[in-house]
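# Provide a 3D model corresponding to the input given below.
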Amino acid sequence: MGKTKLNKKKLIPYVLFFIVFFAISSVVMITLKKGIEKKMVGYYTSKIAEIEEEYSKKEISDKKADEQKETKEAVRSIKEFSSDEIKKYQQELKERVALYEKKSALLRKNEREIEAFKSDVENRKKEMETMRKKLDGALLLISKERIDLDSDLIVFDESERKNLKRLAGIYSSMDALKAAQVLSKLKKNTSAKILAGMQSKKSSKILSEFDPAFAAVISERIKRLQIVNQDSDETIKERNIKKLAAIYQKIETEKAVSIIKKLEYKTAVSILSKMNEKNLAKILEFVETDEASKLTEAIREILKKEFKKS
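Numbers count the residues shown, from 1 in each chain. This next block holds a predicted model:
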């Protein structure tokens, strides 16, 4: 037993040496294997590249050879053509070139036309935008004028109308001169409302007692009278103008003319257009010839429009 143990102890260094040697040998073998594999990969890669290069050169060479062959065959074929055939092919080639140039020119022309059309469309868009802005401005102006017109109307309700009718009755019973003196002290709108509520015979007498300029102002106010929730603007204007025409027809002609001259031209023409022929003739006799002609033409235009409406 003692000898056996001694022998085992002696073997341990050998065993360890063998294990270390085997491990080192394995590492060396693996390293050598990797080196060999790397060299082999490099070698084969190089060979493959050489083969591919040779194949590519061969392809190019074959292609050149084919091209040369085709060129030779083409030259041989041309040599076989007669001079007439060559001229014929030359003519066909010229015709094809001419056709190509014609189509190219047509294409360029179409392109220019398309560009011109695009430019025209853009210009029209700009014009339409300018027109739209002008239209918007005109609509805005019309709306403003409409607002101004509405603000010019002298509005009163049914309750106020009844009170004014009572006042109109009171002033109608007064002397025309005295009534005119009192009314001239009132607010112009109030005076206009009271006169509008009177019979035209009485209101004409009072109006004739006013200063022509003041009478003209009151007449303009009467034209703009409006009762709340009654009639359209056109109906109101028409009614008020007729009322004024009835009043002016009962005023002494010379006095009526002096007041009419102080009115706005449009208002004056509107009132005159509602008068009967006899009274209108009297008034026109009192104005200058040129002015009478101008008024007659303006009245004729109003009557023409009214005739078309009816």
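# how about the secondary structure of residue 198?
Recorded secondary structure, residue 198: coil (DSSP: H, G, I helix; E, B strand; the rest coil).
# report the contact partners of it.
Residues near residue 198 by CB atoms under 8 Å, 6 or more residues apart in numbering: 168, 171-172, 206. C-beta: built from backbone N, CA, C; applies to glycine.
# what segments of the stretch 1-150 of the chain are strands?
Counting by DSSP state E, counting those that start in this stretch, one finds no strands in the stretch 1-150 of the chain.
# whoops, I mixed them up, the stretch 151-300 of the chain
Going by DSSP E, counting those that start in this stretch, the stretch 151-300 of the chain shows strands at 154-156, 225-227.
# would you single out the least confident of those strands?
Lowest mean pLDDT within the strands of the stretch 151-300 of the chain: strand 154-156, a mean of 48.
# mean confidence score for stretch 117-125?
Here the average pLDDT along stretch 117-125 is 86.
# one more: stretch 199-207?
85.
# also stretch 22-34?
For stretch 22-34, the per-residue pLDDT averages 74.
# and of the contacts of residue 198, the nearest to residue 276?
residue 206 (21.7 Å; CB to CB).
# residues in contact with that closest one?
171, 176, 179-180, 183, 195, 198.
# looking at the contacts of residue 198, which is nearest residue 28?
Within the contacts of residue 198, the smallest distance to residue 28 is 137.8 Å, found for residue 168 (CB to CB).
# the closest one: neighbour count?
20 (other CB atoms under 10 Å).
# now it. Nearest residue, chain neighbours left out?
Excluding its sequence neighbours, the residue lying closest to residue 168 (CB to CB, 6 or more residues apart in numbering) is residue 197, at 3.4 Å.
# quick one, phi/psi of that neighbour?
Main-chain dihedrals, residue 197, degrees, to the nearest 10: phi -80, psi -10.
# what sits against residue 281?
Applying CB under 8 Å, 6+ apart to residue 281 gives no contacts.
# what's the neighbour count on the residue nearest to residue 255 when sequence neighbours are not counted?
Spatial nearest neighbour of residue 255, chain neighbours left out: residue 208 (4.7 Å); criterion: CB to CB, 6+ apart. Residue 208 has 22 neighbouring residues, counting by other CB under 10 Å.
# hmm, residue 251 and residue 208 touching each other?
Yes: contact criterion CB atoms under 8 Å: residue 208 and residue 251 qualify, at 4.5 Å.
# can you work out which residues contact both of those two?
residue 259.
# quick one: pLDDT of residue 6?
pLDDT at residue 6 comes out at 51.
# where's residue 208 relative to residue 57, distance?
According to CB to CB, to the nearest Å, residue 208 stands 126 Å off from residue 57.
# make that residue 174, sorry
Going from residue 174 to residue 57 by CB to CB gives 132 Å.
# those two: which is more packed in?
residue 174 (15 against 10).
# what's near enough to touch the more buried one?
residue 182.
# pLDDT below threshold where in the stretch 51-200 of the chain?
Residue ranges of the stretch 51-200 of the chain with pLDDT under 70: 55, 58, 61-62, 71-82, 138-163.
# would you map the helices across it?
For the stretch 51-200 of the chain, the helices defined by DSSP state H, counting those that start in this stretch occupy 83-152, 158-172, 176-183, 188-196, 200-209.
# kindly export the shortest one (C-alpha atoms) in PDB.
Spelled out, it's helix 176-183. Extracted C-alpha coordinates of helix 176-183, given in PDB (Å, rounded to 0.1, in the frame of the first residue of the first chain):
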ATOM      1  CA  ALA A 176    -101.400 130.700 -40.900                       C
ATOM      2  CA  LEU A 177     -98.900 133.400 -40.100                       C
ATOM      3  CA  LYS A 178     -99.200 132.800 -36.300                       C
ATOM      4  CA  ALA A 179     -99.000 129.000 -36.800                       C
ATOM      5  CA  ALA A 180     -95.800 129.500 -38.900                       C
ATOM      6  CA  GLN A 181     -94.200 131.700 -36.300                       C
ATOM      7  CA  VAL A 182     -94.900 129.000 -33.500                       C
ATOM      8  CA  LEU A 183     -93.800 126.100 -35.700                       C
END
